[in-house]
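Peer 1: Need coordinates for the below:
(chains A, B, C and D)
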Protein chains: 2
Amino acid sequence: MSYQLLLDNISKCISLPKDEEDYFVSLLKIKKVKRKQFLLQEEEVQKQAIFVTEGCLRGYAIDKNGFEHILQFAPPGWWIADMNSLLNQEPGILYIDAIFNSEVLLLSKTDQDELFIRIPGFERFFRILSERSFASYQYRMVDSLSLSALERYHNFCKLYPSLIECLPQKQVASYIGVTPEFLSAILNKKISAK
Amino acid sequence: MSYQLLLDNISKCISLPKDEEDYFVSLLKIKKVKRKQFLLQEEEVQKQAIFVTEGCLRGYAIDKNGFEHILQFAPPGWWIADMNSLLNQEPGILYIDAIFNSEVLLLSKTDQDELFIRIPGFERFFRILSERSFASYQYRMVDSLSLSALERYHNFCKLYPSLIECLPQKQVASYIGVTPEFLSAILNKKISAK
DNA sequence: CCCTCCTCTTAAACTATCTTAAGATTTTCT
DNA sequence: AGAAAATCTTAAGATAGTTTAAGAGGAGGG
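Peer 2: Modelled structure (predicted):
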C-alpha cells in the first residue's frame, strides 16, 4: 500500500512491466519517522533518496548564528534530499527531519545507480523529476531576488494551499526568509489597513 | 570546431559511437549573437536549449518596478534556458541576452525529445546535467536565505573567479541581490576598515 | 577621435526587516 | 488534566539595504 503513491507517479512518466516494477520495489526500504526525528544532519553524507508517503518532512540549514532556514517541505508524493551530498557522496549542509509522524521510502544511491543500468526507463523518470525540480528552483530564485516578503508569502499560499493550513506560521516565515515576528507583523498590519 | 566543447562535456558522462555523434551534431544550429542581442524575452516560449561556445550570456527577470535581477551567467561550456518554459512549452518570465558577442548552439525541444528516444544515452546525459543544476540551485537558495550581502559576494568570487574579472560590478550586484550602490559601499567600506 | 552612454563612487534620507523583550495563547508530553 | 514547551502578537529600538542625486572616470559606437 505504501508503494502505490510512488508507483502511480512513476507510471505517469514511464510504463513498467510487472517484473521491473517488482525489482524496483525490492530496492525500497519503508521507514517510519517520528515527529522531530532526523533523517539527515549537517556533515553527514546523504546515502539515500527519500520519498514521502505519509506525514511531512522538512529540509533546512542552520546558519552560523544558530537560526534555521527551511529550504523545502516534503508532504506525501514529494522527494527530498541534500542533492549535492547525494550526487557526490560527500558531507552535506542540510538537516532533514519530520514535522509530523511520517512514513518514507528510501532508495540508496548505489541501488539507484544499479537501477539506471538495469532499467533505462528510470533514467527517464529521474531526468524528468530533476528537470522539474530545477525549473521550480529557478523560478523560486527569481522570486527571492525580485519580490517583497509579503509577495513571497502570497506566492507560498498559492503554491502550497494544503501546507499553509497545517504548518506553524513560524515555519512559513523561515521558508520565505523572514523572522516569525516580522511575518506576524505584516500579516496583521494588512488586515487593519484594509 | 564549435561543437568540440559540447562533445567533450558529453563524453565525460556517456560514450557515443561516431554515427550517433553525427546524428546529434546534425540537430544543433550554430548561432552568432551580438552583444545586447536577445535570445529570449518575457512572455515568449523557450523553444530551444542554449549551449554557449564563445562569449557570455545572461538570464534575468525584470520586476514590476523595471529592475533587472540576474539569475544566471552562461560563459562557454554552460547551458542556459528558462527551464519551466522549455519543459512545458509555455510563456516564460526570463530574458536571455548576450553580455559580449557570443556564439551558441541551439537544440530545439522537439529534436531533444526525439533524441531521447533514438539515443537513450542522452537521457542519462541530461539527467546528470539537470541533477547538477538542481543541486547547485538548492545550495544557492540556502545561501540566499542565510548569508549577508558581503558573504554572498565572497561566495560569488570563489565560485566564478573568471567571471568576476570581466563582469561590470553592477551585474554582480544584480546576481547577488543588492543594488550597485550598496555593493560599491560595502566593498569600499571593507578596505578602509582594515 | 569625440561624444554619448554606462559605470563607479559617495552621501544623506528613507524603508524593510531584524532584535529583543514580554505577555497571551495554543500545543505537546506525561 | 496539568505542567512544560512552543507559538503568536505587539512594540520599541537597531541595522541592512534602498533611493535619490550628483560628479568623475571609462568604454563603445559612429
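
Peer 1: for chain A, what spans make up the strands?
Peer 2: Taking DSSP state E, the strands of chain A run over residues A:29-33, A:38-40, A:48-62, A:68-74, A:79-80, A:95-108.

Peer 1: With respect to A:Arg152, which of those strands lies nearest?
Peer 2: Of all those, it is strand A:68-74 that lies closest to A:Arg152, at 12.8 Å by Cβ to Cβ. Quick note: C-beta positions are derived from backbone N, CA and C, even for glycine.

Peer 1: which residues touch A:Tyr137?
Peer 2: B:134, B:137-138, B:141 (Cβ atoms under 8 Å, 6 or more residues apart in numbering or on different chains).

Peer 1: and if you look at A:Pro120?
Peer 2: B:120, B:123.

Peer 1: Likewise for A:Glu21?
Peer 2: Counted by Cβ under 8 Å, 6+ apart, A:Glu21 has contacts A:Leu7.

Peer 1: Kindly report the residues of chain A close to DNA strand D.
Peer 2: With Cβ under 7 Å from any atom of the strand as the criterion, chain A comes near DNA strand D at residues A:168-171, A:180-181, A:184-185, A:187-188.

Peer 1: Do a quick rundown of the helices in chain A.
Peer 2: Along chain A, the segments classed as helices by DSSP state H run A:4-11, A:18-27, A:83-88, A:109-118, A:121-146, A:149-159, A:161-166, A:169-176, A:180-193.

Peer 1: is DNA strand C contacted by the longest one?
Peer 2: No: where contact is defined by Cβ under 7 Å from any atom of the strand, no part of helix A:121-146 touches DNA strand C; the two come within 10.4 Å at best.

Peer 1: what does chain A put close to DNA strand C?
Peer 2: So far as Cβ under 7 Å from any atom of the strand goes, chain A lies against DNA strand C at A:35-36, A:65, A:67, A:148-150, A:177-179, A:181-182, A:186.

Peer 1: one more time with 6 Å
Peer 2: Proximity of chain A to DNA strand C, by Cβ under 6 Å from any atom of the strand, involves residues A:35, A:148-149, A:178-179, A:181-182.

Peer 1: Can you pick out the most distant pair from those residues?
Peer 2: Greatest spacing in those, by Cβ to Cβ: A:Arg35 and A:Ser148 (32.7 Å).

Peer 1: got the strands of chain A as CSV, with mean pLDDT, distance to chain B and mean neighbour count columns?
Peer 2: Shown next, in CSV, are those (pLDDT from 0 to 100; distance: least, Cβ to the nearest Cβ, whole Å; neighbours: other Cβ atoms under 10 Å in any protein chain shown):
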stretch, mean pLDDT, distance to chain B, mean neighbour count
strand A:29-33, 95, 21, 14
strand A:38-40, 95, 13, 18
strand A:48-62, 96, 5, 21
strand A:68-74, 97, 4, 20
strand A:79-80, 98, 11, 22
strand A:95-108, 96, 11, 20
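
Peer 1: how about the helices of chain A in TSV, adding mean pLDDT?
Peer 2: Putting these into TSV (pLDDT from 0 to 100) gives the following:
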stretch	mean pLDDT
helix A:4-11	97
helix A:18-27	97
helix A:83-88	98
helix A:109-118	97
helix A:121-146	98
helix A:149-159	96
helix A:161-166	92
helix A:169-176	97
helix A:180-193	81
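
Peer 1: Can I get the ones you listed in CSV including distance to B:Lys158?
Peer 2: CSV is the format used below for those (distance: least, Cβ to Cβ, whole Å):
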stretch, distance to B:Lys158
helix A:4-11, 37
helix A:18-27, 38
helix A:83-88, 15
helix A:109-118, 27
helix A:121-146, 19
helix A:149-159, 27
helix A:161-166, 34
helix A:169-176, 26
helix A:180-193, 30
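
Peer 1: Tell me which of these lies nearest to B:Leu106.
Peer 2: When these are compared (using Cβ to Cβ), the closest one is helix A:121-146, at 18.0 Å.
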